[in-house]
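Chemist: got a sequence here, can you model it:
(2 chains)
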Amino acid sequence: AQSVTQLGSHVSVSEGALVLLRCNYSSSVPPYLFWYVQYPNQGLQLLLKYTSAATLVKGINGFEAEFKKSETSFHLTKPSAHMSDAAEYFCAVSLNTGFQKLVFGTGTRLLVSP
Amino acid sequence: GAVVSQHPSWVICKSGTSVKIECRSLDFQATTMFWYRQFPKQSLMLMATSNEGSKATYEQGVEKDKFLINHASLTLSTLTVTSAHPEDSSFYICSARQGIPEAFFGQGTRLTVV
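Modeler: Prediction:
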């Protein structure tokens, strides 16, 4: 069965600093990987996805992530944090077969200080 | 982009009553819909997967008779919480997929049972 581990329940950065949110996955077959963002009392918005094409994936709002099979990682980065990036971020994995259920990590809350 | 609308956004009900939550895909036909539950400051827990015209597949530990799911059409799925109790209070989120890897999420429903 697939699973996702997000290291760090909270990450704090200053505005303008690099954002790095870590995600490691476990899957017996090549997975699909996703990053979603959630603002308070809202649903989830897709930031980016990896579906076995390019390993460096660019998403919305300046975010990108790199799929590294050797490290089983899919870390999310952004060169310069904005105050509006403060939110909860979820990494998710699914198989490319069957119902393609999403399995979520525990989430990382990004805090951005002025 | 694909839009999933969830209604209501919040609901308060008395203990023992039933509550229905609707999930609609507005601009695409959703072959598969998913229902999640999210506790405060926690990740999303998949409750069930539903395909149009067939019975929902529930995750282990989710009571089928308490959480009734109906996927009546390719654009509508409903979750009915029957005989609700305070412990059912939570944030419920639906997502929908149309045969592509990513799923699109509704804005969530905050259920409070008093």
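
Chemist: what pairs with the residue of chain B found nearest chain A across the strands?
Modeler: Across chain B, the shortest distance to chain A (C-beta to the nearest C-beta) belongs to residue B:105, at 3.9 Å. C-beta coordinates here come from the backbone N, C-alpha and C atoms, glycine included. On the basis of DSSP bridges, residue B:105 is bridged to residue B:95.

Chemist: isn't it right up against residue A:34?
Modeler: No. Applying C-beta atoms under 8 Å as the test, residue B:105 and residue A:34 come out as separate, 11.1 Å apart.

Chemist: mind checking which of these two has more residues around it?
Modeler: Each of residue B:105 and residue A:34 has its neighbours counted (other C-beta atoms under 10 Å in any protein chain shown); residue A:34 has more, 28 against 25.

Chemist: from residue B:57, how far out is the more buried one?
Modeler: Plainly put, residue A:34 is 21 Å away from residue B:57 if you go by C-beta to C-beta, to the nearest Å.

Chemist: was I right to think residue B:39 contacts residue B:90?
Modeler: Yes. Counting by C-beta under 8 Å, residue B:90 is a contact partner of residue B:39 at 6.0 Å.

Chemist: higher neighbour count, these two?
Modeler: Between residue B:39 and residue B:90, counting by other C-beta under 10 Å, residue B:90 is the more crowded of the two (20 against 11).

Chemist: hey, what's the more buried one bridged with?
Modeler: Beta-bridge partners of residue B:90, as defined by DSSP bridges: residue B:111.

Chemist: what residues does chain B have near chain A?
Modeler: Residues of chain B lying near chain A by C-beta under 8 Å from any C-beta of the partner chain: B:4, B:6, B:32, B:34, B:42-44, B:46, B:49, B:57, B:91, B:93, B:95, B:97, B:101-108, B:110.

Chemist: which of those residues count as buried?
Modeler: Among the residues of chain B next to chain A, the ones that count as buried by 16 or more other C-beta atoms under 10 Å in any protein chain shown are B:4, B:6, B:32, B:34, B:43-44, B:46, B:49, B:91, B:93, B:95, B:97, B:101-108.

Chemist: keep only those of these that are in strands.
Modeler: Taking DSSP state E as the definition of strands, these contribute B:4, B:6, B:32, B:34, B:44, B:46, B:49, B:91, B:93, B:95, B:97, B:104-105.

Chemist: where does chain A dip in pLDDT?
Modeler: The model of chain A has pLDDT under 70 over residues A:96-99.

Chemist: same thing but 90
Modeler: Within chain A, the ranges that satisfy pLDDT under 90 run A:1-3, A:8, A:26-32, A:40-43, A:51-54, A:94-103.

Chemist: before we move on, what about chain B?
Modeler: Scanning chain B for pLDDT under 90 picks out the ranges B:1-2, B:30-32, B:39-43, B:50-55, B:71-74, B:97-103.

Chemist: which residues does the residue nearest the centre of it bridge with?
Modeler: In chain B, the C-alpha nearest the mean C-alpha coordinate belongs to residue B:35, at 3.8 Å (C-alpha atoms, centre = their mean). Note on residue B:35: beta-bridge partners by DSSP bridges are residue B:48, residue B:94.

Chemist: I'd say it and residue B:44 touch.
Modeler: No. Residue B:35 is beyond contact range of residue B:44, at 10.0 Å (criterion: C-beta under 8 Å).

Chemist: overlap of the contact sets of the two?
Modeler: Residues touching both residue B:35 and residue B:44 (C-beta atoms under 8 Å, 6 or more residues apart in numbering or on different chains): residue B:93.

Chemist: can you verify residue A:4 is assigned to a strand?
Modeler: Yes. Read with DSSP: H, G, I helix; E, B strand; the rest coil, residue A:4 is one of the residues of a strand.
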